[in-house]
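> no FASTA, just this:
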């Protein structure tokens, strides 16, 4: 049989070494999955959210109905996964759960509205989507999360920790090509999530010069001379250079053409999608089954909270008791298995000793019979004065036939029938 070949996923998988890539291993990784009732767009929304979380997410995660949350948590530590994003659909609507692995907390949001990435991109006049955008993590921008309430600080902390931190002293601005914007509306208590691509454009150049700087082929059909093309004072309004709020002075040179250090450039955003409008419903202490720390609609009294806490403690004690009984049963089975093994080895050793004793006894009996034969033959010589016959004192020990033995009856050969 030939050697088993690796599958496509195993061939593409690259083992990450902690010594060679410490930044990649220490970066927060994520699982994005969906659960609940099947919907028209929940699967596609899950894939779009995975694009936001790139490159530190399982982009081609194969999830099945029989997989439980415990299955994902069990492999999370091996794959350095720190967060799990889960889209669920019920009869009441769609929800989004954000969990910190392995022990929580868990934030539950209700999805009031959403738009898929393909719908957003199809509405844009100019589209900016290419593979280089998703090779680095996006920049996280938070707005209006400094209000009252610990739940707002928890939301901001959770979304910030989902992406790698940025060191302002050593960061390479060319690697920041996307941003995730989260805006909190205090009046409606909803969060608007947007995903953009960032483009940097040099400022103060005419359209012709800008095309030459950016290595584009100019259209000279309406120009009598090349100098007319350069001296034309027409600035593209689509580049949004009139808005001074978008102008920045670059601290370092960028990889895009025309953007040099200490020069002014304009920042433009192209939406990539998806769009999400979320409302925080519940905050749980554990991983989807802990104490409820915050709820938007349900408020419990102190007596109800104490009763819930008491039931949870009893459930926890029962779980620990069952776990202890299982461990004791496991130890008992291991002990019985060990005793059975020792007993089997002891029986095998005893059998081997008995076989050795039998061989030794048989050997001694043969030697004893030979010695007795020699004594009988010598006694015959001394008394009679002649040599005894060969068959007189020949050994028949062990039931073996002598060399001169002839059977009394001859065996007949079986005749073959002619028919």
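Everything's here; your move. The model shown is predicted, which means the values in this text are computed figures rather than measured ones.
> check contacts around residue 85.
Residue 85 is in contact with 30-33, 49, 53, 96-99, counting by Cβ atoms under 8 Å, 6 or more residues apart in numbering. (C-beta placed from N, C-alpha, C; glycine too.)
> got those residues as JSON lines, with pLDDT columns?
Listed next are the contacts of residue 85 as JSON lines, based on pLDDT from 0 to 100:
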{"residue": "30", "pLDDT": "94"}
{"residue": "31", "pLDDT": "94"}
{"residue": "32", "pLDDT": "95"}
{"residue": "33", "pLDDT": "93"}
{"residue": "49", "pLDDT": "95"}
{"residue": "53", "pLDDT": "94"}
{"residue": "96", "pLDDT": "96"}
{"residue": "97", "pLDDT": "95"}
{"residue": "98", "pLDDT": "95"}
{"residue": "99", "pLDDT": "94"}
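> give me the below-cutoff pLDDT ranges for the protein.
The chain contains residues with pLDDT under 70 at 1-4, 6-22, 204-222, 224-243, 371-374, 376, 379, 390-419.
> centroid residue for it?
Computing the C-alpha centroid of the chain and ranking residues by Cα atoms, centre = their mean puts residue 79 first, at 4.5 Å.
> for that residue, helix, strand, or coil?
Secondary structure, DSSP: H, G, I helix; E, B strand; the rest coil: residue 79 is coil.
> coming back round to it: ok, of the contacts of residue 85, which come out buried?
Neighbour-count burial (16 or more other Cβ atoms under 10 Å) is assigned, among those, to 30-33, 49, 53, 96-99.
> which one of the residues you listed is nearest to residue 182?
Checking those against residue 182 with Cβ to Cβ, the nearest one is residue 98 at 12.0 Å.
> just the helices in this protein please.
8-12, 22-26, 42-52, 69-76, 117-123, 150-161, 207-213, 226-231, 302-384 (DSSP state H).
> and of those helices, who's closest to residue 291?
helix 302-384 (6.8 Å).
> any idea how far the closest one is from the middle of the chain?
43 Å (Cα atoms, centre = their mean, to the nearest Å).
> one step back: now, the buried ones among the contacts of residue 85 that are in strands?
30-33, 96-99 (DSSP state E).
> residue 304: which of the residues you listed is nearest?
Using Cβ to Cβ, residue 97 comes nearest to residue 304 of these, at 24.0 Å.
> enumerate the beta-bridge partners assigned to that closest one.
Under the criterion DSSP bridges, residue 97 forms beta bridges with residue 86, residue 108.
> residue 30 bridge partners, please.
The partner residues for residue 30, given DSSP bridges, come to residue 57, residue 83.
> next up, the contacts around it.
53, 56-58, 81-85, 162.
> and with 7 Å instead?
Contact partners of residue 30, counting by Cβ atoms under 7 Å, 6 or more residues apart in numbering, are 53, 56-57, 81, 83-85, 162.
> Throw the buried ones among the contacts of residue 85 into TSV and include distance to residue 299, thanks.
Output for those, formatted as TSV (distance: Cβ to Cβ, whole Å):
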residue	distance to residue 299
30	32
31	32
32	32
33	31
49	31
53	34
96	23
97	21
98	23
99	24
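> measure how buried residue 147 is and give me the count.
Residue 147 has 10 neighbouring residues, counting by other Cβ atoms under 10 Å.
> list the contacts for it?
residue 186.
> picking that back up, between the contacts of residue 85, which is closest to residue 370?
Closest to residue 370 out of these is residue 31 (83.5 Å), distances taken as Cβ to Cβ.
> I'd guessed that closest one sits against residue 82; true?
No. Residue 31 is not in contact with residue 82 according to Cβ atoms under 7 Å; the separation is 9.7 Å.
> got the contact list for residue 82?
Residue 82 makes contact with 28-29, 100-101 under the criterion Cβ under 7 Å, 6+ apart.
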